[in-house]
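Colleague: predicted model, plus sequence, below.
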Amino acid sequence: MSDKKRIECVIKDQVAYVSLARPDKRNALDMAMFREIDVTIKRLRKDRSIRAVIITGRGEDFCSGLDVKSVMASPKNPLRLLFKWLPWRSNLAQRVCTGWRRVPVPVIAAIHGRCWGGGLQIVLGADFRIATTDATFSIMEGRWGLIPDMGGSLALREHCRADVAKELTMTAKIINAEDAQKFGLITHISDNLITAAESQVAELIKHSPDAVAGAKKLFNKSWTGSRGMALLRESWYQIRNLTSKNNRIKVWNQTHQNNPAKPFKNRKRW
């Protein structure tokens, strides 16, 4: 196995730019990439200074899916990916999708070329997905006699109808960006990916990082589930938000728009 890094992460102006960096293999997921994505997510979760994450892929494709030959080279690798102590918690395979949901800042996936199989699972964990007009998408696992097992089913139930999710999964068909947007898999289409992603970040960071983090956690936890728990979380998260320094800064900036805006503090632990 190559010692070359699979993931590159650069933080600039409080934005983390995360790149899948295996372009010679179309950013296909091997064991090293699974581990490096997991480590990167954990590091970003702890960094209370960042305001957003932008995920990209180096080379011709965002991610062509699982590197089946590499992963299957050892019979222990599937067990390493699927093993978990607690059945309701994410395993390594699932954390590369579900982990982004736990990063308390907006996560934007900037997608070009192929976004198949595990690649699609990764971006479904992001909050927003921007794709080029020539990007293609597929729940590719069916071609290998598999079902999706990387946590994307959680996001699919939020983004598209059940019949659409079943058809895409059972047929493993490849769809274009226009259809992906129609089905709810992507948010925007743009051929200026980084410009579009950074423009969205610029809009998001005008607001309190605690309010943004609270809103993300609220919707991730309450989009499905009981009405009562959703109402409870609304109240509790709002109390946490109102007691933050960033709430007071946002109110001051909003009521003193003729003055230079005060900078926000590092967010609370959400």
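Modeller: Happy to help now that I have it. Numbering: from 1, shown residues only.
Colleague: so, low pLDDT: which residues of the stretch 51-200 of the chain?
Modeller: Within the stretch 51-200 of the chain, no range satisfies pLDDT under 70.
Colleague: in it, which spans are strands?
Modeller: Ranges of strands in the stretch 51-200 of the chain, per DSSP state E, counting those that start in this stretch, are 52-57, 107-111, 114-116, 128-131, 136-138, 175-176, 188-189.
Colleague: per-residue confidence at the residue of the chain positioned farthest from its centre?
Modeller: In terms of distance from the mean C-alpha position of the chain, residue 258 ranks first, at 36.1 Å (CA atoms, centre = their mean). Note on residue 258: pLDDT of 96.
Colleague: do the same with residue 3
Modeller: 66.
Colleague: returning to what we had before: switch the strands of the stretch 51-200 of the chain over to TSV; also include distance to residue 208 and mean neighbour count.
Modeller: Quick note: C-beta positions are derived from backbone N, CA and C, even for glycine. Converted to TSV, the strands of the stretch 51-200 of the chain look like this (distance: least, CB to CB, whole Å; neighbours: other CB atoms under 10 Å):
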stretch	distance to residue 208	mean neighbour count
strand 52-57	14	25
strand 107-111	18	28
strand 114-116	32	27
strand 128-131	19	26
strand 136-138	34	24
strand 175-176	37	16
strand 188-189	24	17
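Colleague: just send those back as JSON lines, with distance to residue 85 too.
Modeller: Below are the strands of the stretch 51-200 of the chain laid out as JSON lines (distance: least, CB to CB, whole Å):
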{"stretch": "strand 52-57", "distance to residue 85": "27"}
{"stretch": "strand 107-111", "distance to residue 85": "26"}
{"stretch": "strand 114-116", "distance to residue 85": "30"}
{"stretch": "strand 128-131", "distance to residue 85": "31"}
{"stretch": "strand 136-138", "distance to residue 85": "32"}
{"stretch": "strand 175-176", "distance to residue 85": "36"}
{"stretch": "strand 188-189", "distance to residue 85": "38"}
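Colleague: tell me the secondary structure at residue 232.
Modeller: Reduced to three states with DSSP: H, G, I helix; E, B strand; the rest coil, the structure at residue 232 is helix.
Colleague: how about the contacts made by residue 34?
Modeller: Neighbouring residues of residue 34 by CB atoms under 8 Å, 6 or more residues apart in numbering: 81, 92-93, 96.
Colleague: per-residue pLDDT, it?
Modeller: In this model, residue 34 carries a pLDDT of 98.
Colleague: ok, residue 181 to residue 108 distance?
Modeller: 15 Å (CB to CB, to the nearest Å).
Colleague: now residue 129
Modeller: 8 Å.
Colleague: hang on, the earlier thing: which SSE is the residue farthest from the centre of the chain in?
Modeller: For residue 258, there is no host helix or strand (DSSP states H and E).
Colleague: is residue 34 part of a helix or strand, or is it coil?
Modeller: Taking three-state DSSP, the label given to residue 34 is helix.
Colleague: give me the buried positions along stretch 166-181.
Modeller: For stretch 166-181, a neighbour-count test (16 or more other CB atoms under 10 Å) marks 168-169, 172, 175, 177, 179-181 as buried.
Colleague: I meant stretch 84-95, not that one.
Modeller: 90-95.
Colleague: with stretch 32-40 instead?
Modeller: Across stretch 32-40, burial judged by 16+ other CB under 10 Å covers 32-34, 36-38, 40.
Colleague: repeat for stretch 195-206
Modeller: Applying 16+ other CB under 10 Å to stretch 195-206 flags 196-198, 200-201, 204-205 as buried.
Colleague: stretch 135-148 now?
Modeller: With burial defined by 16+ other CB under 10 Å, the residues of stretch 135-148 counted as buried are 135-142, 148.
Colleague: re the thing from before, which one among the contacts of residue 34 gets closest to residue 11?
Modeller: residue 96 (19.8 Å; CB to CB).
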